[in-house]
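Engineer: Make a model of this:
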Amino acid sequence: MSDGRRRTPDDVDHGSTTRGPGREDRGERSPYYPPHGQPLRAPWDPEESTPGRRRSVPGSRDHLRRQSPAGRFFTTWGWRAYAIPVLVLLTALVIADAVATPDPEPSGSADARETPAVIGGPVAGVVPPSGQLPEGGPFVEDGTGEFRLVPGGTDGFGRPTAEQFTYTVEVEEGVDTVDFGGDDAVARMVDATLANPKSWTADGAVAFRRTAQGEPAFRVSLTSPMTVRENCGYDIELEASCYNPATGRVYLNLARWIRGARSFQGDIGSYRQYLVNHEVGHAIGFPQHEPCPADGVLAPVMMQQTFGVTNGEIFRLDPEGVVPDNQDTCRYNAWPFPDGPPGAR
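Structural biologist: Model prediction:
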């Protein structure tokens, strides 16, 4: 029985197969729903002037029946019909490029580990005569590659407010230091050099303390020539020392410690002070070498005085470096601040 009100589309039980009083009986048309599986399209022509009349529009089955298979495909899929082949082609090109291009070797590869990040070693070039090792006492060519720690420590050198660097002194196993005072003598030389008022502490920027415990900022290590070559490189046949950040170690070449350098005309003690100051300079943040600034002046401690004190000699070792190709020649110098603390004069 009717309740006397007009039924709306919301009153229809969509779950029932039984239809109520038909819309056709009341002169109303049924709503049009697009066939299932068809792309979503507007079913009505916005320009249709006769309300209620369904037209054959693109996307309806009547329209598709009048087209060829290719036409039906392009009509059904629209812009996708053009985009899909393009995307397939681009995907194929990307895959082909990925297969053809080898992956870069990871930073942890064997080759990367074999090339240490050395600071201070010479770049391959022409070895000047001044860089050749002078004659002198004997030394062990090769150690074990392991290092023994020299026991003991020191109070701090430098201002308490300065940047603090701890260090150890170590000697490679297989290196006998008896002929030059033993391991303790090596440590005392390093300590006395860094504590000197003409050393790196002079301007108040850095301070040092030797320790025998924990992990130091760097390790000062007296090392056999063959182990130095393994850790500092040996592109040219020249005995060198270096600082290797990868190992946190200053490598002082035993051959140079005993015999010194042709170009450094001071005594062997002065040369050892230079060697310590120069390589520790790399360890505390001075990676660049320096040229002789003018003929006849003291050499900067970061000049490669082991190889020469004339700019042209260093230039031949490293033509791409910072040293100009001229004949300015400096006097040897072991100290970062040879005149003492700035302002003390």
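Engineer: strand partners of the longest strand along the chain, parallel vs antiparallel please.
Structural biologist: For the chain, the longest strand by residue count, based on DSSP state E, is strand 163-172. Within its sheet, and counting by DSSP bridges, strand 163-172 is paired with strand 147-149 (antiparallel), strand 206-210 (parallel), strand 218-223 (parallel).
Engineer: most packed of these?
Structural biologist: Sort these by mean neighbour count, taking mean count of other Cβ atoms under 10 Å, and strand 218-223 sits at the top with a mean of 25. Bear in mind the C-beta positions are built from the backbone N, C-alpha and C, glycine included.
Engineer: Can you mark which positions in stretch 223-243 are buried?
Structural biologist: 223-234, 238-243 (16 or more other Cβ atoms under 10 Å).
Engineer: just to revisit the earlier point, which residues belonging to the longest strand of the chain are considered buried?
Structural biologist: Phe165, Thr166, Tyr167, Thr168, Val169, Glu170, Val171, Glu172.
Engineer: Could you pull up the residues touching the third one?
Structural biologist: I take that to be Tyr167. Val190, Leu194, Phe208, Arg209, Arg210, Thr211, Pro216, Ala217, Phe218, Arg219, Val220, Val280 (Cβ atoms under 8 Å, 6 or more residues apart in numbering).
Engineer: 7 Å - rerun?
Structural biologist: Applying Cβ atoms under 7 Å, 6 or more residues apart in numbering, we find Tyr167 in contact with Phe208, Arg210, Pro216, Ala217, Phe218, Arg219, Val220.
Engineer: ok, the fifth one touching Tyr251?
Structural biologist: If I follow you right, that is Phe218. No - using Cβ atoms under 7 Å, Phe218 makes no contact with Tyr251, being 10.8 Å away.
Engineer: Could I get the full set of helices for this protein?
Structural biologist: 61-65, 69-77, 80-100, 110-114, 183-195, 225-232, 254-259, 268-283, 311-317 (DSSP state H).
Engineer: Could you export stretch 334-345 as CSV, CA atoms only?
Structural biologist: Output in CSV follows, covering the C-alpha atoms of stretch 334-345 (Å, rounded to 0.1, in the frame of the first residue of the first chain):
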residue,chain,number,x,y,z
ALA,A,334,113.4,23.3,11.9
TRP,A,335,110.7,25.5,13.5
PRO,A,336,107.2,26.8,12.7
PHE,A,337,108.0,30.0,14.7
PRO,A,338,111.8,30.3,14.5
ASP,A,339,111.7,33.7,16.3
GLY,A,340,109.6,32.4,19.2
PRO,A,341,106.0,33.3,20.1
PRO,A,342,104.6,36.2,18.1
GLY,A,343,104.9,39.5,19.9
ALA,A,344,107.7,38.2,22.1
ARG,A,345,110.4,40.1,20.2
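Engineer: buried sites along it?
Structural biologist: Quick answer for stretch 334-345 (16+ other Cβ under 10 Å): Ala334, Trp335, Pro336, Phe337.
Engineer: how about the nearest residue to Gly158, chain neighbours excluded?
Structural biologist: Ala207 (2.9 Å; Cβ to Cβ, 6 or more residues apart in numbering).
Engineer: if we can go back for a sec, quick one: closest of the strands paired with strand 163-172 to Thr161.
Structural biologist: strand 206-210 (8.5 Å; Cβ to Cβ).
Engineer: CA atoms only for the closest one, dumped as PDB, please.
Structural biologist: C-alpha atoms of strand 206-210 as PDB (Å, rounded to 0.1, in the frame of the first residue of the first chain):
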ATOM      1  CA  VAL A 206      97.400  24.300  19.600                       C
ATOM      2  CA  ALA A 207      98.600  22.300  22.600                       C
ATOM      3  CA  PHE A 208     100.100  18.800  22.900                       C
ATOM      4  CA  ARG A 209     100.200  16.000  25.400                       C
ATOM      5  CA  ARG A 210     101.800  12.600  25.100                       C
END
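Engineer: Show me how the protein divides into domains.
Structural biologist: 56-94, 126-317 (automatic domain parsing).
Engineer: Distance of Gly269 relative to Ile258?
Structural biologist: 12 Å (Cβ to Cβ, to the nearest Å).
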